[in-house]
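> Would you be able to build a 3D model of this:
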Amino acid sequence: MSSKRQEQAKIIEKLSKKKDKEHGMCHFRKNEIEKLLSMFNKYVENTTNKKKLDRLKFRDILHDMFGMTDDMLMDRMFRAFDRDSDNYINHDEWVLGLSVFLKGVLEEKTRYCFSVYDLNQDGYISREEIFQLLKQSLIKQPSEEDPDEGIKDLVELVLKKMDKDHDGRLSYADFEVSVKEEPLLLEAFGMCIPKPEKCQTFLNLISDEYGMKY
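Numbers count the residues shown, from 1 in each chain. Okay, here's the model as predicted:
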């Protein structure tokens with residue numbers, strides 16, 4: 001076995017044994033991890049870094065593979081994947097990020113979505129952040145004289161429903177309880193998890209039946 005193959009085998013083994021919810025656990029089988037790594041290597045071969053995904057390439061993948069278009073959310077998703085905050089996504093971050101993105105349990109997806117929506121990363125989703133997120137994701141109606149007023153009203157409705165401790169902002173605890181009560185609130189402020197059909201299409205790419213033609 002070549003040294004490159006040995007190194008990849010070690011990475012696959014390490015990732016397949018990840019069981020720590022706090023620092024990332026892996027829901028993929030070894031053969032799926034192998035295909036994800038091959039996919040990753042293909043994506044990075046034409047990048048400047050050659051070993052890591054940059055923000056623009058990651059955004060292209062989100063757009064092409066999952067039909068995502070919201071620049072602000074895609075930037076926040078990049079930061080959620082980029083666990084060591086070095087402005088690149090390495091192969092571990094790629095696999096573990098996709099594990100939550102595609103196969104995560106509700107608790108993992110709740111943490112992930114909260115981190116995406118917490119725009120300034122202070123541990124809360126403020127009234128201002130909710131406004132910015134809703135303004136970005138809602139389609140403006142041409143007939144509306146002041147669409148911001150409608151969004152402000154919606155922000156207040158959201159806070160009334162989700163702000164459990166009534167402090168005018170959403171803590172992780174507020175968000176978690178709200179999502180457990182109503183799972184649809186997981187993506188209350190914009191799409192940051194792929195639609196089921198897009199998710200399944202991607203998973204088909206790394207299934208045993210797929211011929212590695214990406």
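
> Could you measure from Asp146 over to Leu157?
Using Cβ to Cβ, to the nearest Å, we find Asp146 at a distance of 17 Å from Leu157. To be clear about C-beta, it is placed using only N, CA and C from the backbone, and glycine gets the same treatment.

> Next: Ile125.
Distance, Ile125 to Leu157, by Cβ to Cβ: 15 Å.

> show me the contacts for Gln121.
Gln121 sits next to 79, 115 when contact means Cβ atoms under 8 Å, 6 or more residues apart in numbering.

> how long is stretch 16-32 end to end?
Across stretch 16-32, the terminal residues are separated by 10 Å (Cα to Cα, to the nearest Å).

> For it, give me every contacting residue.
By Cβ under 8 Å, 6+ apart, the list of residues contacting stretch 16-32 reads 12-13, 15, 33, 36, 83, 95-96, 98-100, 102-104, 107-108, 206-208.

> Just confirm Ser126 contacts Asp174, I think it does.
No: counting by Cβ atoms under 8 Å, Ser126 does not reach Asp174; the two are 11.8 Å apart.

> The two: which has the busier surroundings?
Neighbours per residue (other Cβ atoms under 10 Å) separate Ser126 from Asp174, with Asp174 holding more: 21 against 15.

> Next, the buried residues of the helix or strand containing that one.
Under the criterion of DSSP states H and E, Asp174 resides in helix 172-181. For helix 172-181, burial by neighbour count (16 or more other Cβ atoms under 10 Å) applies to 174-179.

> which of those lies closest to Gln136?
Gln136 has its nearest neighbour among these in Phe175, at 18.2 Å by Cβ to Cβ.

> Check the gap between the most centrally placed residue in the chain and Ser38 for me.
For the chain, the residue nearest the mean C-alpha position is Met77 (4.6 Å; Cα atoms, centre = their mean). Look at Met77 and Ser38: by Cβ to Cβ, they are 22 Å apart.
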